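K.L.:
generate coordinates for the sequence data below:
(2 chains)
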Amino acid sequence: MSTTETLPETLPPPSAVTPARDFISRIARQAGLLGVIVVLGLGFGIARPLFLDGGNMLNVLLQASVVGILALGQTYVLLTGGIDLSIGSVVAVAAVCSGLMSHTLPAGIAVLGAIAVGALCGLANGVLITITRITPFIITLGTMGIFAGLALIIAGGQAVYGIPTGFADLLAGGVVGIPIPVLLFILLTVGSALVLKFTTFGEYLTAIGGNSEVARLAGISVGRNTAMAYVVAGATAGLAGAVLTARLGAADPTLGGDLLLTAIAATVMGGTKLAGGEASMVGAAFGAVLIATLTAGLTTLNVQAFYQQVAVGGAIILALVIDQLTKRRRA
Amino acid sequence: MSDRAAVLALRDITKTFPGVKALQDVSLTVHPGEVHTLLGENGAGKSTVLKIIFGVQPADSGEILVDGEAAHFGRPADAMRAGIAMVHQELNLVPQLTAVQNVVLGQERTKAGVIDWAEARRRARTALSRLGFDARSDVPVSTLSVAHQQMIELARALSVDARIIIMDEPTASLTTQECDRLFAIIDSLRAAGKAIIYVSHRLREVMDLSDRVTVLRDGKRVDSLTRTQVSGEEHLVRLMVGRELAAIGVPRGDAPVGEEALRVEGLCRPGVLHDCSMVLRRGEIVGMAGMVGAGRTELARAIFGADRPSAGTIYVRGKRASIRRPSDAIKAGIALLTEDRKNQSLVLGMTTASNTTLMRPPTRFGFLDRRRQSSMTEKVLRPLNTKMRAEMPVGKLSGGTQQKVVLGRWLLSDSDVFIFDEPTRGIDVGAKGEIHTLMRHLADEGKAILMISSDLPEVLGMSDRVLVMRRGRIVAELARSEATEETVVRHAAAE
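P.N.:
Sure thing, here's the model as predicted:
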C-alpha cells in the first residue's frame, strides 16, 4: 500500500504546538507571578520605604519558607490527583517530636528524626490510600484528626519548651546572612523542580495524575509511586515542623491548621491542577512568596489582621480568575 | 430541489483556526424529510461544520439560513430555539438521572413552583415510545445500554420538536441489531418530515441511509451528490481520499507460521469469560470477531493482567506465566493496544515523547534523559510515517497518529505477542491502511498478533485465522479459507 504514504495527515494548528510556544506559555505563568510579587513589593516599598530594606525582604522570605516547603510537598501529592489534608497536623506531630528529641539527642539527629516522623505519617497516608482505595480526601481528613490528636498526646497537652540553643541555631541561624530556612526552601524548590522534570518518579507521578489507568496498563506501579508522593509530602511537613520549633523556641502541638490551606493556596496559584497531571514546583514556591509578601506588606501598612485574611483570600481567587481568562483567550 | 424549500442552508462558510484553514467556502443545503450525510476523513472538517451549525463555534464568514432567513447562533441554546437538536457522539446525558429526567432536562414544567413529574413522565414516555424504547425509564441511565442511551438523546430532540437533527457517528458503538433499530427510527423521522444531518465513517450505512451525501476533504466541499448519483462505496472513497484505495487487508508474506507464542487455557471470569482457550503462533495474525459485549476486550484484559481471571493458565513461549498485573504481562512480552486510546493508552496532557517512552523512560545517572527520550521517540515513530514533534502534547494529534504513538511505545518494549483491540476504530481510511501494513510487518518479523475488531472487512482482510466469540466463549475457529462474512456472522450471532 505505497499509495498511503503520500496521504497528508491533518496537523493541529501549528501555533498551538511549537515546543517554543509551549515552553513560553508554561513559564509565562511563573514569570507573571514573579511580576506580581515585584509590583506588590515595589508598591509596598513606595508606601513604606523600609519594606524594601534587605533585612525586611529576607524576613518576608523567611515567613514564606515554612508555607513554601509545605506547598512543595503538597505539589507532589496534587500532581497524582490526590490531596493531603493532614500535612498541617503532621507539622504539629513533627514539631513536638523534634522538640522532645532535642532535649536529649544531638540537634542534627532531632531534625532528621522530625523528617522521619513526618515521612512515617506520610507513609501511613499513602499505604491506607493505596490499600483501601478510599479517596485521598477522606483518608487524609481522618488522619488529619488522628495526627492532631497524637501531637497533643505526645506533648501531654501543652507546648514543649526548653528547646536547646544548638537546635535553634541549626535551623534558625543563617549562612552568609541568609536564614537557613530560606536556604532550605530554595534548595527544595530547585531540587523538586528537577525531580519533576528529570526523574522517572516525576514522570510517573505526572502519568498517574494524568490518567492512572493508562499508567497501570503501561506497567507503572501506581500504588508504590502514589504512596511515595505522600511520603515526600510527609517528610517536607516534618522538616517544616522542625523549622517552626527552632524559630519559635517551642513546639506547639496545636500548630498547623492555617498552614494547610495556605500551602494548598500557594500550590494552586502556582499553576498546579487539583485534578492532577499538571504541576509546577517553582510556581508553588512563588505562590508562597506572593502570599507572604502580601501579608507582610499589609502588616507594614498597619492593616488589621482580619482585613489581611480577606485580602489574601481575594488574591488567591483573583490569581485563578486571571489564569482562566488568559487561557480562554489563548484557546 | 430549490433553495427555497431548504430548512437549513450554509453559504460559503469559512473558518480558520490559528494557522489552519478548517473550512473554506463550504455550502450545503438540507431539506425536510431528507437524510443528508457528511462524509470525509478525520480532519476533513465534518466536526467543524456540525459545531458551526449547532452554535458551538462561530464561522469567520459566510451565512447560515434557517427557512431561508439568516440566522445567528452564538451558542447552542440559539440553535435549539431554531429547532436544531444534536445527538452527540459522546452521549450527553447525566448518568445518575433517569431516562425521564434526562429527556425533560432543562424543559421541566412546573406547577406552583414544583416540577410536574406526572406531566414530565407523560411527555418523556410519549417521545420514548415513538422510538420503540423498551427499557426502564425510571432507573439511572448509566445502567442502560449505549443504544438505549442514544434513544434517550433522540427522545430529547423529539420532545422539543426539533426539525433538524444532527447525528454524529451514532452507530460507532452499536451492535448490528441496534444499528438496524436506529435505522428504522431514522426512517420514521424522515417520513415525519424531519431533516437529518448524519455523520458516519461506515460507507455501507451511508449508502443505505442517505438521500444526499456531501463529501468534504481538507476543509473544502468536494461534491454534493444525491443517492442516485453515487455509483458505489468506491466512488465515495475516491471522493474522500482523492484517489483509488486498495482493498482492505495486507496479504501474508512468505514467513512461515512459527512456534507457539501464547497459549491460553481455560480462562474464566464469572459472568464475563467462560473457559476460553486459544493459541497464537509467531508470524500469524489471528482475528477475533464477535458482537459488542461478547467478551473480546475482557479476554484481552484478562490475558494482560488488567483484570484478574478466576481460573485459567497462560503460557508464553511454552512456559507457564504468572500474570497478576499488567507489569507482569509486559515482562512476559505481551503488549495490549487498548480499544479506548484516549482513556486507556495515552496520558493526553503529556508530550508525545513521554507517552512513547512511558513504560521505560531512558535514564542517565538515575536522571531522566530528556534528549534521548526525544531521539528514541523520533527513531521509533519516523519509520511509522508519523507526522509529529516529540515535544507536542499527544492530545493534539490525530487519531491515526495517536495509535502510532501507542504502537511505538510497544515497539520499544520488545514484546512478542501483540493484542490489538479495535486498532483502527475512529481512524481515517489512509492511516488505517498504514496500521494494517505495520501489523503485517510485525507478523512477518515473527511476532504473534491477536486483532480484535468489529469491522468485518478488516477481520476478513487481515486475518490468517479467525476466532469468534459469543457470550464470553470462543465459539468458533475458522481457517482463512473458511472465514467469510456469512460464517463469521452466523457464529457471532447464533441463538
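
K.L.:
where along the stretch 1-150 of chain B do the helices fall?
P.N.:
B:46-53, B:76-81, B:99-104, B:117-130, B:146-159 (DSSP state H, counting those that start in this stretch).

K.L.:
same thing with the stretch 151-300 of chain A?
P.N.:
Under DSSP H, counting those that start in this stretch, the stretch 151-300 of chain A gives helices at A:165-172, A:180-198, A:200-210, A:212-217, A:222-248, A:257-269, A:281-300.

K.L.:
returning to that earlier point: rebuild the helices of the stretch 1-150 of chain B as CSV, extending it with mean pLDDT, mean neighbour count and distance to chain A.
P.N.:
Placement of C-beta: from N, CA and C, glycine included. Converted to CSV, these look like this (pLDDT from 0 to 100; neighbours: other C-beta atoms under 10 Å in any protein chain shown; distance: least, C-beta to the nearest C-beta, whole Å):
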stretch, mean pLDDT, mean neighbour count, distance to chain A
helix B:46-53, 89, 22, 11
helix B:76-81, 87, 16, 18
helix B:99-104, 89, 25, 26
helix B:117-130, 89, 17, 33
helix B:146-159, 85, 23, 20
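
K.L.:
switch these over to TSV; also include distance to residue A:37.
P.N.:
Formatted as TSV, the helices of the stretch 1-150 of chain B follow (distance: least, C-beta to C-beta, whole Å):
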stretch	distance to residue A:37
helix B:46-53	41
helix B:76-81	41
helix B:99-104	48
helix B:117-130	54
helix B:146-159	50
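
K.L.:
get me the contact residues on the stretch 51-200 of chain A for chain B.
P.N.:
A:194, A:197, A:198, A:199, A:200 (C-beta under 8 Å from any C-beta of the partner chain).

K.L.:
for the fourth one, report the pLDDT, please.
P.N.:
With respect to pLDDT, residue A:199 scores 92.

K.L.:
thinking it is in contact with residue B:364, fair?
P.N.:
No: Residue A:199 lies out of contact with residue B:364 (C-beta atoms under 8 Å); the separation is 11.2 Å.

K.L.:
comparing the two, which shows the higher neighbour count?
P.N.:
residue A:199 (16 against 11; other C-beta atoms under 10 Å in any protein chain shown).

K.L.:
now the helices for the stretch 351-495 of chain B?
P.N.:
Using DSSP H, counting those that start in this stretch, helices in the stretch 351-495 of chain B cover B:352-356, B:370-381, B:399-411, B:429-444, B:456-462, B:485-493.

K.L.:
switch these over to TSV; also include mean pLDDT, mean neighbour count and distance to residue A:144.
P.N.:
Below are the helices of the stretch 351-495 of chain B laid out as TSV (pLDDT from 0 to 100; neighbours: other C-beta atoms under 10 Å in any protein chain shown; distance: least, C-beta to C-beta, whole Å):
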stretch	mean pLDDT	mean neighbour count	distance to residue A:144
helix B:352-356	93	28	33
helix B:370-381	92	19	37
helix B:399-411	89	25	39
helix B:429-444	87	21	50
helix B:456-462	86	21	54
helix B:485-493	81	16	54
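
K.L.:
chain A: which of these is closest?
P.N.:
For these, the distance to chain A is smallest for helix B:429-444, at 3.6 Å, taking C-beta to the nearest C-beta.

K.L.:
report the distance from that closest one to the chain centre.
P.N.:
Remark: helix B:429-444 is offset 18 Å from the chain centroid, using C-alpha atoms, centre = their mean, to the nearest Å.

K.L.:
also stretch A:249-259?
P.N.:
In terms of C-alpha atoms, centre = their mean, the centre of stretch A:249-259 is set 17 Å apart from its chain centre.

K.L.:
identify the residues contacting it?
P.N.:
With C-beta atoms under 8 Å, 6 or more residues apart in numbering or on different chains as the test, stretch A:249-259 has contacts from A:66-67, A:70, A:87-92, A:95-96, A:98-100, A:148, A:151-152, A:154-155, A:157-161, A:163, A:168, A:240-241, A:244-245.

K.L.:
residue numbers of the stretch 201-331 of chain A in contact with chain B?
P.N.:
Residues of the stretch 201-331 of chain A lying near chain B (C-beta under 8 Å from any C-beta): A:202-203, A:206-207, A:210-211, A:213-221, A:277-278.

K.L.:
among those residues, the buried ones, what's the PyMOL command?
P.N.:
Buried residues among those (16 or more other C-beta atoms under 10 Å in any protein chain shown), as a PyMOL selection:
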select buried, chain A and resi 202+203+206+207+210+211+213+214+215+216+217+218+219+220+221+277+278
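
K.L.:
list the contacts of residue 159.
P.N.:
Picking chain A for this. Contacts of residue A:159 (C-beta under 8 Å, 6+ apart): A:250, A:251, A:252, A:253.

K.L.:
wrong chain, I was asking about chain B
P.N.:
Here residue B:159 is in contact with B:103, B:104, B:107, B:123, B:124, B:126, B:127 (criterion: C-beta under 8 Å, 6+ apart).

K.L.:
residue B:384 and residue B:404 touch, don't they?
P.N.:
Yes: Residue B:384 lies in contact with residue B:404 (C-beta under 8 Å); the separation is 4.6 Å.

K.L.:
please report phi then psi for the residue nearest to residue B:146 when sequence neighbours are not counted.
P.N.:
Closest residue in space to residue B:146, ignoring its immediate chain neighbours: residue B:173 at 5.0 Å, by C-beta to C-beta, 6 or more residues apart in numbering or on different chains. With angles defined as degrees, to the nearest 10, residue B:173 sits at phi -120, psi 30.

K.L.:
got the CA positions of stretch B:425-444 in CSV?
P.N.:
Only the C-alpha atoms of stretch B:425-444 are listed here, as CSV (Å, rounded to 0.1, in the frame of the first residue of the first chain):
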residue,chain,number,x,y,z
ARG,B,425,-11.7,2.4,15.2
GLY,B,426,-12.1,6.1,14.5
ILE,B,427,-9.1,6.3,12.3
ASP,B,428,-9.4,7.6,8.8
VAL,B,429,-9.0,5.5,5.7
GLY,B,430,-5.4,6.4,4.9
ALA,B,431,-4.0,5.8,8.3
LYS,B,432,-6.0,2.6,8.6
GLY,B,433,-4.1,1.1,5.7
GLU,B,434,-0.8,2.1,7.3
ILE,B,435,-1.7,0.5,10.6
HIS,B,436,-2.6,-2.7,8.7
THR,B,437,0.7,-2.7,6.9
LEU,B,438,2.5,-2.2,10.2
MET,B,439,0.6,-5.1,11.7
ARG,B,440,1.5,-7.4,8.8
HIS,B,441,5.1,-6.3,9.1
LEU,B,442,5.2,-7.2,12.8
ALA,B,443,3.8,-10.6,12.0
ASP,B,444,6.4,-11.1,9.3
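
K.L.:
chain center to it, what's the gap?
P.N.:
Using C-alpha atoms, centre = their mean, the offset of stretch B:425-444 from its chain centre is 16 Å.

K.L.:
what of stretch A:68-79?
P.N.:
3 Å.

K.L.:
ditto for stretch A:281-292
P.N.:
The answer for stretch A:281-292 is 8 Å, by C-alpha atoms, centre = their mean.
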